[in-house]
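>>> Kindly return the folded structure for what I paste below:
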Amino acid sequence: MDTVEVLGEIGRALAGPGDRRARFERAAEIIRAGGSYRWVGIYDVTPEEIAIVAWSGPGEPAHPRFPVSEGLCGDAVWRGETVVVPDVTRDPRYLTTFGSTRSEIVVPIREPGTGRALGTLDVESEKTDAFGEEDRALLERCAEELARRGRFEV
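Coordinates of the predicted model:
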């Protein structure tokens, strides 16, 4: 699937039937399939914490809720920009989600206009240095679509 197809599918999933979690689960599945990723998570961001909304992959993360000041997700929120880590075993910010994760990319989902973090899009791989510029571009576009069409708890 190319980027335009992925974005169209996300838009349809977020506008489709079901509750918020079901719509976000479909979006996570689309992103996972579109990029051939092992695990994709979509998180809410509040002033106090980051909390999982939905995921697609081998299972629920070990940290479904954590303070907004922690982890790679917290760093992406604080910086307001994408964080790419080629080897999480060498990064002290990493909160272990799965013991087999070796690289991660986290994209803040920012409110259009204000730039305020509404959520994060977190993608993990069991391979080191798994994410390149094409992945970054795709996931940043997906985060923009999630911000426009998703409903985040803030």
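>>> Chain neighbours aside, what residue packs nearest to Gly71?
Closest residue to Gly71 apart from its sequence neighbours, by CB to CB, 6 or more residues apart in numbering: Leu95 at 4.0 Å. Just so you know, the C-beta spots here come from the backbone N, C-alpha and C atoms, and that holds for glycine as well.
>>> just Phe66 next, same as before
Ile50 (5.8 Å).
>>> How about Ala15?
Spatial nearest neighbour of Ala15, chain neighbours left out: Arg149 (6.6 Å); criterion: CB to CB, 6+ apart.
>>> Can you report phi and psi for that neighbour?
phi -110, psi -20 (degrees, to the nearest 10).
>>> still on that earlier bit, the residue nearest to Phe66 bridge partners, please.
Val45, Phe66 (DSSP bridges).
>>> thought it was touching Ala76?
No: at 9.5 Å, Ile50 does not count as touching Ala76 under the criterion of CB atoms under 8 Å.
>>> SS state for the residue sitting nearest the centre point of the chain?
Ranked by distance to the mean C-alpha position of the chain (CA atoms, centre = their mean), the top residue is Leu121 at 1.3 Å. Look at Leu121: counting by DSSP: H, G, I helix; E, B strand; the rest coil, its state is strand.
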